[in-house]
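Colleague: coords please:
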Amino acid sequence: MDLQTLGNGLLIFASISAIASIGAIAFGAQPDGSEGTRKAGHYLTFATLVFTSLAVLLLAAAFLGENFKLMYVADNHPTIVGPWAWLYRLSGVWAGREGSLLFWEWLLAIFSGWIAFRFLKNKERIATTALGVLNFVQVFFLSALFIPLNNPFRLLPPQYLDASGKLLVEAAMNPLLQTWAMVAHPPALFLGYAGLTVPFAFAIAALITGDTSKRWVEISSRITVFAWLMLGVGIGLGAIWAYIELAFGGYWAWDPVENASILPWLTGVGLLHSMTVYRKRGGFRAWTILMSAFTFFFVLLGTFITRSGVVSSVHAFEQDALSFWLFLSMMVAALVAAGVGVAIRWDKLKGNDSFERIFSKEGSYYFNNVIMLIAAVLVAYLTVSSALPAWMPGGKITFGAATYNALARPLGIFYILVMAVCPILSWGGAGFPAFWRKAKWPVAGAGVISIGFVTIWALGMMPYYTPGTGVSALHHATALIGLITASLAIALPIYLFIDGTRKRAAARGEGYGTAFLNVLTKARSQSGGYITHLGMGIILVGLIGSTMYVKTYEVALEQKPGSKLEAGSYAFELTGLKDSIAPNGDTVYTAHMDVSNNGKLMRSIAPRLVFPVQLKSQNQSTQKVALIQQPLKDIFVSFSGLDAQQRAVITVKFFPMQWWVWAGFIVTILGSGLAMWPKRQPRAA
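Modeller: Numbering: from 1, shown residues only. All right, here's what the predicted structure looks like:
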């Protein structure tokens, strides 16, 4: 049996199991349904997981064994050699169009299997119904895998292989993907995408069953936090990859596929906050269901963009009409199902949604949802605008980064402000005097921090300001308002931890260290939220410096002693150019340079230009940049080859506060991880 027959056979069995599971659940989930039928639906879900897992293992084995009989393996195998080559071969499973879709379906099967296992013996109708919805989504993904361009088990035409199974044509994984970040970046993203299907499934189950109690939120909330967390990890790893590997120094270019990954993250923020109100106050019920549907919609939008060909992107795959209609229909169906369900169940979804004061915790949560949904819809609209009819606003127009930044900067700063004050607002609102009693010390702390940030702005950002087409006064005002807002976002959680530790130490007679540790561990959801807010404030500082104050120098240096590029107080002296052959056969050109500051030698660097041997005739190359990282800035140096006069083309960029982006990202992930960490359940007596 060849690999194509075996692989497709496993997918067929997985599809049959998923369809049969839906049927069994449809009968077994009824109030008078058979317990055996219900359990059969769960066991069939396990079968879908087994068959999907075997399909993934088969594809992984083909990559590890470099079995080029599969077209997907031939097109996506890495060229790296050495002790870690196996890991890069394994990453080929999710590196391309076909494998990434199979990998996504496998993760869906894992989440579905977990729900099936958790509620196998516990007959909760809402959980069983949600499992049926999850399996319906699985059927959708499995059917997509049978579309030829999405099928990872297509065979390579035999004329492209010699008798020993070696390739007779140049084909390999894109050299830009052969990095550590891309080994981890896609799996994290797909974990987020697959996990965010779970709250959508439970929301639809709540509408189907009419059970609009908080039970479905209690079941799915931690999975939602985990999925949102992993999506954030994936976005962060993608940003690091782009910053290092794409040689332009940016970590977000507002590319359509990049945008697609942040859309469900944005609505996921709103979903998590809505779940909190649903669980604690019985409010935002319709909001929560609709935010889960919008999040799932935006999850699918990324796949729709990459496979439909509706917009142009360096990350997009070959256009496919079948994928276009399949994913479009699923996206529309998700929103229609949620909208119709909310309309039908409206009486049961009425809850504690009203609030008398905007200056209340409910008000801040409401604005959080509105801001996140508006931001996601705006970014999505701008992303697909080039594919829209000309009569629509922005139709047939491709918007650049300047447009996105003009919207994102004020909206993002306002959101951080709302996020920052939320923890000290009261349910129902307690008036400004009560609010000020809580806010005065954080505001004082923010004032002190602001002085530091404004000083950094004047001394560490302004020297790298590059005048653009916009109004410079507005540019600087936006930056200063953002830094002041970030100061409050940083000061407030620090104050809350100090205040909470002080009060607990006084009440329990604990030492400050013990009290602080208990504050962290006893109220993990709350403390994790504080840490996440702190991280967002740090990220905002990094974003202001590294996107609004960037200085670029580019020059072609003569290949002679003393040839240097001068950038402010820094000098970059070319000491030599060398070419070499890497162990895997790649041709590597290295520019050796000495970097000095105010005439004092700092260090030597060696940016490189690599031409993969497997793609030699295509003249593809990738740049390996040199980075000098400092607390208040990154110095980014790239070598892009020789010009017509055989001069070395060197680019130097200064990115103020760049490491603050990465540090804030780490803090945010730690906070989210703490918030999702399950509480220890009391042992039964």
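
Colleague: doesn't residue 675 make contact with residue 535?
Modeller: No. Between residue 535 and residue 675 there is no contact under C-beta atoms under 8 Å: 11.7 Å. From N, CA and C alone the C-beta is placed, and that goes for glycine too.

Colleague: so what's residue 270 up against?
Modeller: Residues in contact with residue 270 (C-beta atoms under 8 Å, 6 or more residues apart in numbering) are 287, 291, 368, 369, 372, 373.

Colleague: what do you get for residue 541?
Modeller: Residue 541 makes contact with 453, 483, 486, 657, 660, 664 under the criterion C-beta under 8 Å, 6+ apart.

Colleague: just give me the closest of these to residue 387.
Modeller: Top of the list for closeness to residue 387, among those and by C-beta to C-beta, is residue 664 at 34.1 Å.

Colleague: hang on, residue 623 is in a strand, isn't it?
Modeller: Yes. Assessed by DSSP: H, G, I helix; E, B strand; the rest coil, residue 623 belongs to a strand.

Colleague: what's near enough to touch it?
Modeller: Applying C-beta under 8 Å, 6+ apart to residue 623 gives the contacts 245, 247, 607, 608, 609, 610, 638, 639, 640.

Colleague: so which of the residues you listed belong to helices?
Modeller: Among the contacts of residue 623, the residues falling in helices (DSSP state H) are residue 245.

Colleague: out of the contacts of residue 623, who has the most neighbours?
Modeller: If you count neighbours using other C-beta atoms under 10 Å, the busiest of the contacts of residue 623 is residue 639, which has 27 neighbours.

Colleague: state the distance from that one to residue 241.
Modeller: 19 Å (C-beta to C-beta, to the nearest Å).

Colleague: swap in residue 154?
Modeller: Computed as C-beta to C-beta, the residue 154 to residue 241 distance reads 28 Å.

Colleague: more neighbours: which of the two?
Modeller: Comparing residue 154 with residue 241 by other C-beta under 10 Å, the one with more neighbours is residue 241, at 20 against 17.

Colleague: okay, and the more buried one sits in which element?
Modeller: Secondary structure from DSSP states H and E places residue 241 in helix 215-245.

Colleague: ok, back up a step: show me just the buried residues among the contacts of residue 270.
Modeller: Burial by neighbour count, judged by 16 or more other C-beta atoms under 10 Å, picks out 287, 291, 368, 369, 372, 373 from these.

Colleague: ok, those residues vs residue 349, which is closest?
Modeller: Set against residue 349, the nearest of the buried ones among the contacts of residue 270 by C-beta to C-beta is residue 287 (9.3 Å).

Colleague: what's the closest non-adjacent residue to the closest one?
Modeller: Spatial nearest neighbour of residue 287, excluding adjacent residues (C-beta to C-beta, 6 or more residues apart in numbering): residue 274 at 4.7 Å.

Colleague: likewise for residue 262?
Modeller: Leaving aside its chain neighbours, residue 262 sits nearest to residue 235 (6.2 Å; criterion: C-beta to C-beta, 6+ apart).

Colleague: residue 263 is in contact with that neighbour, correct?
Modeller: No. When contacts are counted by C-beta under 8 Å, residue 235 is not listed as touching residue 263 (10.8 Å).

Colleague: which SSE is residue 322 in?
Modeller: Element membership for residue 322, per DSSP H and E: helix 321-344.

Colleague: buried set for that helix?
Modeller: By 16+ other C-beta under 10 Å, the buried positions in helix 321-344 come out as 322, 323, 326, 327, 330, 331, 334, 337, 338, 341, 342.

Colleague: repeat that for stretch 563-581.
Modeller: Buried residues in stretch 563-581 (16+ other C-beta under 10 Å): 563, 564, 565, 567, 570, 571, 572, 573, 574, 577.

Colleague: from those residues, pick the one nearest residue 86.
Modeller: The closest of the buried residues of stretch 563-581, once distances to residue 86 are taken by C-beta to C-beta, is residue 577, at 33.7 Å.

Colleague: quickly note the distance from the closest one to residue 651.
Modeller: 16 Å.

Colleague: strands of this structure, start to end?
Modeller: Here the chain has its strands, by DSSP state E, at 551-557, 564-567, 570-581, 587-597, 600-605, 608-611, 622-624, 626-630, 633-642, 648-656.

Colleague: what's the angle from the first one to strand 648-656?
Modeller: It refers to strand 551-557. Taking axes from the mean of the first three to the mean of the last three C-alpha atoms, to 10 degrees, one finds strand 551-557 and strand 648-656 inclined to each other by 170 degrees.

Colleague: same check on the longest one?
Modeller: Between strand 570-581 and strand 648-656, the angle comes out at 130 degrees (the same axes, to 10 degrees).

Colleague: and strand 570-581, which strands flank it?
Modeller: With DSSP bridges as the test, strand 570-581 is paired with strand 564-567 (antiparallel), strand 587-597 (antiparallel).

Colleague: do you know the pLDDT at residue 128?
Modeller: On pLDDT, residue 128 comes in at 94.

Colleague: what is the burial count for it?
Modeller: By other C-beta under 10 Å, 27 other residues sit near residue 128.

Colleague: mind listing what it touches?
Modeller: 25, 28, 29, 38, 41, 42, 119.

Colleague: that one and residue 348, how far apart?
Modeller: In this view, residue 128 and residue 348 are 19 Å apart by C-beta to C-beta.

Colleague: repeat for residue 599
Modeller: From residue 599 across to residue 348, the span is 75 Å (C-beta to C-beta).

Colleague: please say which of these two ends up with more neighbours.
Modeller: Between residue 599 and residue 348, counted using other C-beta under 10 Å, the more crowded position is residue 348 (16 against 7).

Colleague: low-confidence ranges, the stretch 351-500 of the chain, go.
Modeller: Filtered on pLDDT under 70, the stretch 351-500 of the chain yields the residue ranges 352-358, 428-430, 469-470.

Colleague: of the contacts of residue 270, which belong to helices?
Modeller: Taking DSSP H as the definition of helices, those contribute 287, 291, 368, 369, 372, 373.

Colleague: could you check how far the last one is from residue 434?
Modeller: Plainly put, residue 373 is 30 Å away from residue 434 if you go by C-beta to C-beta.

Colleague: same thing with residue 84?
Modeller: Residue 84 is 58 Å from residue 434, by C-beta to C-beta.

Colleague: who's more crowded, those two?
Modeller: residue 434 (14 against 11).

Colleague: how close does that one get to residue 488?
Modeller: For residue 434 relative to residue 488 (C-beta to C-beta), the value is 18 Å.

Colleague: before we move on, what about residue 43?
Modeller: 53 Å.

Colleague: and these two? Which one has more around it.
Modeller: Taking neighbours as other C-beta under 10 Å, residue 43 and residue 488 compare with residue 488 leading, 22 against 14.

Colleague: tell me the contacts of the more buried one?
Modeller: Shown in contact with residue 488 (C-beta under 8 Å, 6+ apart): 417, 420, 421, 442, 443, 446, 537.

Colleague: which pair of those residues spans the longest distance?
Modeller: Using C-beta to C-beta, the contacts of residue 488 span at most 14.1 Å, a distance reached by 443 and 537.

Colleague: who's more crowded, the two?
Modeller: Remark: of residue 443 and residue 537, residue 537 carries more neighbours, 27 against 17, as counted by other C-beta under 10 Å.

Colleague: OK, contacts around that one?
Modeller: With contacts defined as C-beta under 8 Å, 6+ apart, residue 537 is in contact with 416, 420, 485, 486, 487, 488, 489, 490, 493, 664.

Colleague: returning to that earlier point: now render the strands of the chain as JSON lines, adding mean pLDDT.
Modeller: Shown next, in JSON lines, are these (pLDDT from 0 to 100):
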{"stretch": "strand 551-557", "mean pLDDT": "94"}
{"stretch": "strand 564-567", "mean pLDDT": "93"}
{"stretch": "strand 570-581", "mean pLDDT": "94"}
{"stretch": "strand 587-597", "mean pLDDT": "95"}
{"stretch": "strand 600-605", "mean pLDDT": "95"}
{"stretch": "strand 608-611", "mean pLDDT": "92"}
{"stretch": "strand 622-624", "mean pLDDT": "89"}
{"stretch": "strand 626-630", "mean pLDDT": "94"}
{"stretch": "strand 633-642", "mean pLDDT": "94"}
{"stretch": "strand 648-656", "mean pLDDT": "95"}
